[in-house]
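**Student:** Give me a 3D structure for the following:
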Amino acid sequence: MKTKETHQHDIGCLQAIEAFYAYLDGEIEDPKSIEEFEHHMRHCRSCYSRAGVEKLLSQRIADSAKTKTPEMLQNRLRNLMDEIE
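**Tutor:** Predicted coordinates:
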C-alpha cells in the first residue's frame, strides 16, 4: 500500500490561492509562511498555472490604471450613476 509522502511545508491549494496576492504584494513577513507557499507553488502545477494567470491579470489591471479614461466614457458613467440615484 502506497502512502502519500507529506512534508511539514504542505499547505493546501485553497491556502495557497488565498495567500497569493499577499505573497505577490510582499505582505507575508513570516519566513515559514513564505516557505510553505513557495513549496506548494513548486509542487502543484494547478496552483502554479492559476498563479501565473492571476499575476498577469494583476499586471493588466495595474497597467490600465495608468491610462486615462476617455471623457465620453466618464460622462456616460456619470449619467448612468445619476439615473440610479
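
**Student:** And the contacts of whatever helix or strand R50 lives in?
**Tutor:** According to DSSP states H and E, R50 maps onto helix 45-65. For helix 45-65, the external contacting residues (Cβ atoms under 8 Å, 6 or more residues apart in numbering) are 13, 16-17, 20-21, 24, 40-42. Yep, even glycine has a C-beta here, placed from its N, CA and C like the rest.

**Student:** any idea how far E35 is from R42?
**Tutor:** Per Cβ to Cβ, to the nearest Å, R42 is found 11 Å from E35.

**Student:** same deal with A22?
**Tutor:** The gap separating A22 from E35 is 14 Å, by Cβ to Cβ.

**Student:** Could you report the pLDDT at the most centrally placed residue in the chain?
**Tutor:** Nearest to the geometric centre of the chain sits Y21, at 4.1 Å (Cα atoms, centre = their mean). On pLDDT, Y21 comes in at 84.

**Student:** what's the helix or strand where it lies packed up against?
**Tutor:** Assigned by DSSP H and E, Y21 belongs to helix 13-24. Other helices and strands packing on helix 13-24, by 3 or more Cβ pairs under 8 Å, 6 or more residues apart in numbering; DSSP states H and E, are helix 31-43, helix 45-65.
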